[in-house]
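Chemist: coordinates only, sequence not included:
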């Protein structure tokens with residue numbers, strides 16, 4: 001989905017895709033070796049990290065608003081950044097409401113509970129469930 005027409009180049013080859021603005025790489029972007037190091041800089045009050053985070057939340061809020069308007073569904077924020085959003089849901093929710101004049105309730109917006117390897121946990125749950133069934 002195009003988020004910023006003519007914007008940053010995406011790995012898919014197009015310009016301005018949501019992934020170029022809302023993936024973890026948009027936060028680490030050469031300056032930080034990992035998302036964890038970026039989040040540490042953010043929590044320590046690094047002004048450049050705070051500016052980058054504010055821009056990130058703005059772009060994410062636009063994406064969330066677009067998805068909500070298009071599909072009228074609950075939205076679960078996952079991926080690498082999703083696990084770190086728990087402490088920032090209020091700020092994100094306020095930004096989402098700025099872009100969406102129809103919803104004044106953001107209970108449809110949820111974040112994942114795992115900070116790392118959520119897909120691995122999900123895959124393991126499947127096999128664990130199958131194992132339990134066969135006991």
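Modeler: Okay, I see it. Every value quoted in this text rests on a predicted model; they were computed, and no experiment measured them. Numbering: from 1, shown residues only.
Chemist: And the contacts of the helix or strand bottoming out on mean pLDDT in the chain?
Modeler: The least trusted helix or strand in the chain, going by mean pLDDT, DSSP states H and E, turns out to be helix 118-133, with a mean of 84. Here helix 118-133 makes contact (C-beta atoms under 8 Å, 6 or more residues apart in numbering) with 78, 82-83, 112, 114. All C-beta spots, glycine's among them, are computed from the backbone N, C-alpha and C.
Chemist: Which of those sits closest to residue 43?
Modeler: Residue 43 has its nearest neighbour among the contacts of helix 118-133 in residue 83, at 14.3 Å by C-beta to C-beta.
Chemist: Now do the same for the closest one: its pLDDT.
Modeler: You'll see residue 83 listed with a pLDDT of 88.
Chemist: pretty sure it contacts residue 77?
Modeler: No: when contacts are counted by C-beta atoms under 8 Å, residue 83 is not listed as touching residue 77 (9.2 Å).
Chemist: Report the set of residues contacting both of those two.
Modeler: With C-beta under 8 Å, 6+ apart, residue 83 and residue 77 have common neighbours 111-112.
Chemist: how far away is the residue sitting furthest away from the middle of the chain from residue 128?
Modeler: Computed with C-alpha atoms, centre = their mean, the residue of the chain farthest from its C-alpha average is residue 135, at 38.3 Å. With distances taken as C-beta to C-beta, to the nearest Å, residue 135 is found 11 Å from residue 128.
Chemist: Other residues contacting the lengthiest helix in the chain?
Modeler: Among the elements of type helix in the chain, defined by DSSP state H, the one spanning the most residues is helix 47-71. For helix 47-71, the external contacting residues (C-beta under 8 Å, 6+ apart) are 1, 3-4, 18, 21-22, 26-27, 29, 31, 38, 41-42, 73, 75, 77, 81, 88, 91-92, 95-96, 98-100, 102-103, 108-109.
Chemist: picking up where we left off before, can you list which of the contacts of helix 118-133 are found in helices?
Modeler: Cross-referencing those against helices under DSSP H gives residue 82.
Chemist: Could you tell me which of the contacts of helix 118-133 count as buried?
Modeler: Among these, those scoring as buried are 78, 82-83, 112 (criterion: 16 or more other C-beta atoms under 10 Å).
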